[in-house]
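Q: Requesting a structural model of the entry that follows:
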Amino acid sequence: DMAEPIQQLTRNNNPQERQTIPFTLIQRKEKLGDVLYEKRQYGKAKWACIKMKEKQYEQSICLGFMKLMRYICEQNSSGLYLGITVPIVTVVHTNEAQSAMTQAVTVAYYLPEVLQDEPPHPFDSDIVIEEWPATIVYSR
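A: Residues are numbered from 1 along each chain as shown. Sure, this is the predicted structure:
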């Protein structure tokens, strides 16, 4: 089921073709010269998002990522490979009291700059295009 997206990604797996999402670095935590995480602020932008709720958190992330990869690799209204932007973001959801994580996660792909004004529509109805306000992200 994933053979075509993986082949497409492999053909296009040139690191120079990966677009890093523009951000402002707010904080960097290091230990012995290794970066543990960064706190970043991303500007307002459009993202392709999918919300997943599998039994295990890791399953939700993996399945959400696979569905986004299909969108990136031609299963969209343009019929084209959209290009990779990094990072792919995982949003962890909490209960109303914000005291525990829920099983639901959102996996999100930043649409490349050239697609921000008119993003291709996904064929998968579970994927939605959302415009996010400026957002704080923790990155490893």
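
Q: Residue 65 touches residue 84, doesn't it?
A: No. Residue 65 is beyond contact range of residue 84, at 11.8 Å (criterion: CB atoms under 8 Å). Where you see a C-beta, it was placed from the backbone N, CA and C, and this is true even at glycine.

Q: Name the residue in the two with the higher neighbour count.
A: residue 84 (20 against 15; other CB atoms under 10 Å).

Q: give the contact list for the closest residue in space to that one that isn't next to it in sequence.
A: Among residues not flanking residue 84 along the chain, residue 18 sits closest, at 4.7 Å (CB to CB, 6 or more residues apart in numbering). Taking CB atoms under 8 Å, 6 or more residues apart in numbering, we find residue 18 in contact with 83-86.

Q: and which of the residues you listed is nearest residue 34?
A: residue 86 (18.8 Å; CB to CB).

Q: Look at the closest one and report its pLDDT.
A: Predicted confidence (pLDDT) for residue 86: 88.

Q: before we move on, what SS does residue 67 have?
A: Assigned with DSSP: H, G, I helix; E, B strand; the rest coil, residue 67 falls in the helix class.

Q: How about the contacts made by it?
A: So residue 67 contacts 50, 107, 124, 126-127 (CB under 8 Å, 6+ apart).

Q: Now for these: which two are most distant?
A: 107 and 124 (12.3 Å).

Q: out of the two, which sits in the busier spot?
A: Per other CB under 10 Å, whichever of residue 107 and residue 124 has more neighbours is residue 107, with 24 against 14.

Q: Distance check, the more buried one against residue 99.
A: Distance of residue 107 to residue 99, computed by CB to CB, to the nearest Å: 23 Å.

Q: Quick check: residue 103 touching residue 54?
A: Yes. Using CB under 8 Å, residue 103 is in contact with residue 54, at 6.9 Å.

Q: intersection of neighbour lists for these two?
A: Taking CB under 8 Å, 6+ apart as the criterion, residue 103 and residue 54 both touch residue 60.

Q: Isn't residue 112 up against residue 81?
A: No. Assessed by CB under 8 Å, residue 112 is found out of contact with residue 81, at 10.8 Å.
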